[in-house]
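S.K.: quick one, fold the following:
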Amino acid sequence: MRLVIIFATVSICLLPTSGRGQSNPASNATSRPEPAANQQDSGGSSLSETTSWLSERIGEARISGSSSDANYTSTSSMGSFRAEWDGCKLVLHYIHQVAFRSNDPTSHPNLPPNTCSTAATVNLSFLSETVGTSEAKDLMGMPLTTPAWNVTLTARGNDRPFVWHGVCSSGGTEQTHDYSSPFLPIPFESEEIAGRVAKAFSHAIHLCSQKKEPF
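M.R.: Okay, here's the model as predicted:
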């Protein structure tokens, strides 16, 4: 029973608040402007240059935490971040794993790890150009093993443009989860990198939000 409860907790905490009953924002993606890959404003890099740089930095994203009680030591980590771009469309992939080590194997057996492979999809034209950073406090309630800072992308207005799909497995059991959300945090262990990534996302969102002139 303990394993089932933990598995459900991991699945819920890994993904944002469920958007069941909400309209699918992906169906409205074509209603927003889609600039050419080489579009740029008067004082910045092109969209393709910006997303290429973001892909490199997103590969550095990670966060980890650990906690212990009388029975188990639990470690949680999010990593293997990878970005796929199609113009202004971003698909962000990452892996979240929680491992459990028994502190007393004679009375509490070791538990299989919970592993979730998740992809979040969004069109940048749906997002606010104000991209903030904040110091992460914990990971699923676990104290962090290394300080981390979140770069948080947020929707304009009341939209829920982030479409999430996750596949979680533990001990031969597999569950899938589909959600929509108004925000997406990306964690970095460097405050400097987090700040630079936030500025780059703000620039990319600005480019993706510009309306093309008809001629």
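
S.K.: elements contacting the lengthiest helix in the chain?
M.R.: Ranked by residue count, the top helix of the chain under DSSP state H comes out as helix 191-209. Helices and strands touching helix 191-209, by 3 or more CB pairs under 8 Å, 6 or more residues apart in numbering; DSSP states H and E, are helix 47-58, strand 132-135, strand 149-154, strand 183-188. C-betas here are computed from N, CA, C, even on glycine.

S.K.: so that helix versus strand 183-188, what angle?
M.R.: Helix 191-209 runs at 140 degrees relative to strand 183-188, counting by axes from the mean of the first three to the mean of the last three CA atoms, to 10 degrees.

S.K.: so, low pLDDT: which residues of the chain?
M.R.: 1-43, 211-215 (pLDDT under 70).

S.K.: kindly reformat the helices and strands packed on helix 191-209 as CSV containing distance to Phe126 and mean neighbour count.
M.R.: Listed next are the helices and strands packed on helix 191-209 as CSV, based on distance: least, CB to CB, whole Å; neighbours: other CB atoms under 10 Å:
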stretch, distance to Phe126, mean neighbour count
helix 47-58, 16, 18
strand 132-135, 17, 14
strand 149-154, 10, 22
strand 183-188, 11, 21
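
S.K.: let me see the ranges of the strands in this protein.
M.R.: 63-68, 72-86, 89-102, 111-123, 132-135, 138-139, 142-143, 149-154, 162-170, 173-181, 183-188 (DSSP state E).

S.K.: okay, buried residues for the longest helix of the chain please.
M.R.: For helix 191-209, the neighbour count (16 or more other CB atoms under 10 Å) marks 193-194, 196-198, 200-205, 207-209 as buried.

S.K.: so for Gly44, which of the strands of the chain sits nearest?
M.R.: strand 72-86 (16.9 Å; CB to CB).

S.K.: who touches that closest one?
M.R.: With CB atoms under 8 Å, 6 or more residues apart in numbering as the contact definition, strand 72-86 has outside contacts at 51, 54-55, 58-68, 90-103, 108, 111, 139-140, 142, 145, 186-187.

S.K.: kindly recompute the last result at 7 Å.
M.R.: Residues outside strand 72-86 that contact it (CB atoms under 7 Å, 6 or more residues apart in numbering): 51, 54-55, 58-59, 61-67, 90-103, 108, 139-140, 142, 187.

S.K.: quick check, Met100 in contact with Leu111.
M.R.: For the record, residue 100 is Phe, not Met. Yes. Here Phe100 reaches Leu111: they are 4.0 Å apart, a contact under CB atoms under 7 Å.

S.K.: Asn123 reaches Gly87, doesn't it?
M.R.: No. Asn123 lies out of contact with Gly87 (CB under 7 Å); the separation is 8.6 Å.

S.K.: who has more neighbours out of these two?
M.R.: Asn123 (24 against 17; other CB atoms under 10 Å).

S.K.: distance of the more buried one relative to Leu111?
M.R.: Using CB to CB, to the nearest Å, one obtains 39 Å as the distance from Asn123 to Leu111.
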